[in-house]
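> fold the following and give me the result.
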Amino acid sequence: CCLLLALALLLPQDAASRECDLQGLWRNELGSNMTILATNAAGTFSGSYHTAVAATNKQILVSPLQGVQQHPSAKRHPTFSFIVLWQFSDSTTAFVGQCFVDHRGKETLETTWLLREEVLSHKDTWKATRVGTSIFTCVK
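Have a look, this model is predicted:
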């Protein structure tokens, strides 16, 4: 009985102390899917992003992403950033965020993003940038 109780108390702590791994398949609250490939020793990574939402009439295409993770081997909940160059519009999005592991071992990426779209003149710059947040959960 005491052994089972001790194991039950230890398991959530072990899951929460697990390091966050950016590599894998991620989905956000809007249904967009992102694949992050392995992070190298310098902390850089690449992957792809397939958005479920867009302000365009064009066909949505899978778009490449490039990023970097802060000190990949030294942090349990690393910060990171990546950019997505959209293949179906004249815009780019920059994401910054942090990876977390909850007490059950569930990984999430909490991000803030800036999307900049091309405008035809300097006077339209005021409407060219959008800001938002997204929370991704690991699908692996």
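> please make it C-alpha for all contacts and neighbour counts, starting now.
Noted.
> per-residue confidence for the residue most central in space within the chain?
The centroid of the chain falls nearest to Leu109 when counting by CA atoms, centre = their mean (5.1 Å). As predicted, Leu109 sits at a pLDDT of 97.
> helix, strand, or coil at Thr56?
Put simply, Thr56 is coil when judged by DSSP: H, G, I helix; E, B strand; the rest coil.
> for it, which non-adjacent residue is closest in space?
Ser89 (7.5 Å; CA to CA, 6 or more residues apart in numbering).
> could you do Cys138 as well?
Leaving out its chain neighbours, Cys138 is closest to Trp26 (CA to CA, 6+ apart), at 4.6 Å.
> how close does the one you found sit to Lys140?
7 Å (CA to CA, to the nearest Å).
> more neighbours: which of the two?
Trp26 (22 against 9; other CA atoms under 10 Å).
> let me know how buried Phe100 is, in neighbour terms.
Based on other CA under 10 Å, the number of other residues close to Phe100 is 22.
> for the helix or strand hosting it, which strands pair with it and how are they oriented?
Using DSSP states H and E, Phe100 maps to strand 91-101. The pairing partners recorded for strand 91-101 under DSSP bridges are strand 79-85 (antiparallel), strand 107-117 (antiparallel).
> related to what we said a few turns ago, wait, the residue nearest to Cys138 sits on Glu110?
No - in this structure, Trp26 is not within contact of Glu110 by CA atoms under 8 Å, at 11.5 Å.
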